[in-house]
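Peer 1: A structural model of the following input is requested.
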Amino acid sequence: MERAVRIYEYGAPEVLRIEALDRPEPGPGEALIRHTAIGLNFVEVYFRRGTFKVPELPAILGNEGVGIVEAVGAGVTEVAVGERVAYADGPLGSYATVRLYPADRLVRVPDAVGDDQAAASFLRGVTARMLLKEVAPLAAGDTVLFHAAAGGVGLIFAQWARALGIRVIGTVSSPAKAEAARKAGCFEVIDYGSEDFVARVGGITGGEGVAAVFDAVGRDTAAGSLSVLRPRGTLAFFGKASGDVPVLDPFALAARSLYVTWPIRPVYTASRAQLEAAAADLFEAIAKGTIDVGPSRSYALDDIVSAHRDLEDRQIIGAAVIKP
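Peer 2: Numbering: from 1, shown residues only. Below is the predicted model of the structure:
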């Protein structure tokens, strides 16, 4: 019997329900994927809470998955039955044993990358690559600040940045997360629960500031993130775990000619060529050992409520996957 996790209303983890699912048949341009591993991402908490709205209720959550192509619809040429594939954008619905997905948004997973590695890293890894290589004009020797550095994106970013000669200051919320961030490559780590990150960054950089700040925290860090930038620096928001970012007066950027952006992965991988290039770069970095993507933890589909509690309570260091 196929199964899926649905929500009928927004709310706490308990709104997640595991239910039977009819096996769907692919239509034109679609592929049927049998999941072998499913990514667990904080953005799914936003959808469950209603911070981000689903297209309609009830809904199957989940943004990322890896599996085997079991069937394809008419006109599909991008993938074939039996191939191992990954995805991390497009329609929700990965919290299930099987699902339909647009074939032109699937990428093949190379033999050198395991199912759990791909599911733990595809969304996070493509996001980290976007931030590191495309959003801000960074070069070897630059120093950047990354909030929530012990999260899934942060740990990949820090490792990859170190390999490129970019110095990462990471903020974390616990000693265990500080250790993980240092291990990943952060040369300085700040516990923002007990330290003033603005003052620390000023001290670390000798008052110069950082080339870029990558901020998925939002409301609680936004003002400080802007203040620690060097002239012509870039503040890139990519999440709002603490709440909405305050409204910004563009004139506040003028004195240092600062840049503020909110990049989203689907725009940076809008074409198939862009998607395949990003995937190839990520998978090569994993295969070469440039980045260790884990996962650090896995959950059964039956444990999805516990998984969301742990995710929301910041109990997961690095990446986690769901095993269907």
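Peer 1: So if we follow the domain assignment, how does the chain break up?
Peer 2: Using automatic domain parsing, the domains assigned to the chain come out as 2-121+266-323, 139-262.
Peer 1: How are the helices of the stretch 201-324 of the chain distributed by residue range?
Peer 2: Taking DSSP state H, counting those that start in this stretch, the helices of the stretch 201-324 of the chain run over residues 222-227, 265-268, 272-287, 304-312.
Peer 1: Adding mean neighbour count, write the ones you listed out as a markdown table.
Peer 2: Placement of C-beta: from N, CA and C, glycine included. Shown next, in a markdown table, are these (neighbours: other C-beta atoms under 10 Å):
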| stretch | mean neighbour count |
| --- | --- |
| helix 222-227 | 20 |
| helix 265-268 | 16 |
| helix 272-287 | 17 |
| helix 304-312 | 19 |
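Peer 1: Using CSV, please lay out the ones you listed together with mean pLDDT.
Peer 2: As requested, these are exported to CSV (pLDDT from 0 to 100):
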stretch, mean pLDDT
helix 222-227, 90
helix 265-268, 92
helix 272-287, 96
helix 304-312, 94
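Peer 1: Ok, which of those comes nearest residue 152?
Peer 2: Closest approach to residue 152 among the helices of the stretch 201-324 of the chain is made by helix 304-312 (10.1 Å; C-beta to C-beta).
Peer 1: could you say what helices and strands the closest one packs with?
Peer 2: Helices and strands touching helix 304-312, as assessed by 3 or more C-beta pairs under 8 Å, 6 or more residues apart in numbering; DSSP states H and E, comprise helix 43-49, strand 297-300, strand 320-323.
Peer 1: Go ahead and name everything in contact with it.
Peer 2: With contact meaning C-beta atoms under 8 Å, 6 or more residues apart in numbering, helix 304-312 is reached by 5, 13-14, 16, 18, 40, 42, 44-45, 48, 95, 297, 299, 315-316, 320, 322.
Peer 1: low pLDDT regions in the chain?
Peer 2: Nowhere does the chain drop to pLDDT under 70.
Peer 1: Distance from the strand ranked longest in the chain to the middle of the chain?
Peer 2: In the chain, assigned by DSSP state E, the strand with the most residues is strand 30-40. Its chain's C-alpha centre and that of strand 30-40 lie 17 Å apart, by C-alpha atoms, centre = their mean, to the nearest Å.
Peer 1: okay, the angle between that strand and helix 304-312?
Peer 2: Strand 30-40 and helix 304-312 are oriented at 60 degrees to each other (axes from the mean of the first three to the mean of the last three C-alpha atoms, to 10 degrees).
Peer 1: Packing partners of strand 30-40?
Peer 2: strand 65-72, strand 84-87, strand 98-102, helix 115-130, strand 320-323.
Peer 1: separation between residue 77 and residue 29?
Peer 2: According to C-beta to C-beta, to the nearest Å, residue 77 and residue 29 sit 10 Å apart.
Peer 1: who's more crowded, those two?
Peer 2: For the pair residue 77 and residue 29, the greater number of neighbours falls to residue 29 (18 against 9), based on other C-beta atoms under 10 Å.
Peer 1: since we're on residue 207, how many residues are nearby?
Peer 2: Taking other C-beta under 10 Å as the criterion, the count of residues near residue 207 is 9.
Peer 1: Okay, it and residue 100: tell me how far apart.
Peer 2: Separation of residue 207 from residue 100 (C-beta to C-beta): 54 Å.
Peer 1: repeat for residue 264
Peer 2: For residue 264, the distance to residue 100 equals 23 Å [C-beta to C-beta].
Peer 1: Between those two, point out the one with more neighbours.
Peer 2: Shown here are residue 264 and residue 100; by other C-beta under 10 Å, residue 100 has more neighbours (19 against 12).
Peer 1: isn't the more buried one right next to residue 30, touching?
Peer 2: Yes - using C-beta atoms under 8 Å, residue 100 is in contact with residue 30, at 4.8 Å.
Peer 1: Do you have the strands of the stretch 151-300 of the chain handy? List them.
Peer 2: For the stretch 151-300 of the chain, the strands defined by DSSP state E, counting those that start in this stretch cover 167-172, 188-191, 210-215, 229-237, 259-261, 297-300.
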